[in-house]
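Asker: 3D model of this:
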Amino acid sequence: MAKNKTTETQSSVPDFINAFVEDQTKRNDAFEIIRIMQEVTHFEPKMWGPSIIGFGSYHYKYASGHEGDAPIVGFSPRKAAISLYIYNSPKNREELLSKLGKNKASKGCIYIKKLADIDLEVLKNMITLSLEYFKKTYPSN
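Answerer: As a prediction, the model looks like this:
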């Protein structure tokens, strides 16, 4: 079975941001997202792989036998956009995304250019709902 590429590392979160996020606005936004995610989740930020900042973790196991660990919520301050990794159930996902502000979304990610483009209270609500989902779905974590 293939090993997961994205695992928790001991790398420094501030060092990653300061070394690899060139744009000052995006760097400031990254530190603010850390503050928000830490405030909502009560988890310390950890590096997952070379470029994802995650908060908390859960262990999953699929029917296929594939299993691993992943952050409960996280983000990556990439050059093109900030990728937010926040789970929201299909029943309220579209409503929350429409209230969030300027974003693009795929199945597993929400992409924003900068925090000034979104409603931070909606972001906090989305993080809270994601946290509640993982606590309920993976109670042993």
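Asker: pLDDT weak spots in this structure?
Answerer: 1-3, 141 (pLDDT under 70).
Asker: would you list every one of the strands in the chain?
Answerer: Using DSSP state E, the strands of the chain run over 45-48, 52-55, 58-61, 67-70, 73-77, 82-85, 104-105, 110-112.
Asker: For this protein, which segments count as helices?
Answerer: Taking DSSP state H to define them, one finds helices in the chain at 13-20, 24-41, 90-100, 120-137.
Asker: if I look at Ser76, how far off is Glu67?
Answerer: From Ser76 across to Glu67, the span is 23 Å (C-beta to C-beta, to the nearest Å). Where C-beta positions appear, they are placed from N, C-alpha and C, glycine not excepted.
Asker: With Trp48 instead?
Answerer: 16 Å.
Asker: Equivalent analysis for Phe134, please.
Answerer: 15 Å.
Asker: try Ala105
Answerer: 27 Å.
Asker: Compare neighbour counts for these two and give me the winner.
Answerer: Counted by other C-beta atoms under 10 Å, Ala105 and Glu67 do not tie: Ala105 has more neighbours, with 16 against 11.
Asker: If that one is in a bridge, with which residues?
Answerer: Ala105 has the following beta-bridge partners by DSSP bridges: Ile110.
Asker: what sits against the residue nearest the centre of the chain?
Answerer: The chain has Gly74 as the residue nearest its centroid, 1.9 Å off, counting by C-alpha atoms, centre = their mean. By C-beta atoms under 8 Å, 6 or more residues apart in numbering, the contact list for Gly74 reads Met37, Trp48, Ile52, Ile53, Gly54, Phe55, Leu84, Tyr85.
Asker: which non-adjacent residue is nearest it?
Answerer: Nearest non-adjacent residue to Gly74, counting by C-beta to C-beta, 6 or more residues apart in numbering: Gly54, 3.6 Å away.
Asker: who's the one you found bridged to?
Answerer: According to DSSP bridges, beta-bridge pairing links Gly54 with Lys46, Gly74.
Asker: Run through the residues that contact it.
Answerer: Per C-beta under 8 Å, 6+ apart, neighbours of Gly54: Glu8, Pro45, Lys46, Met47, Trp48, Ala70, Pro71, Ile72, Val73, Gly74, Tyr85.
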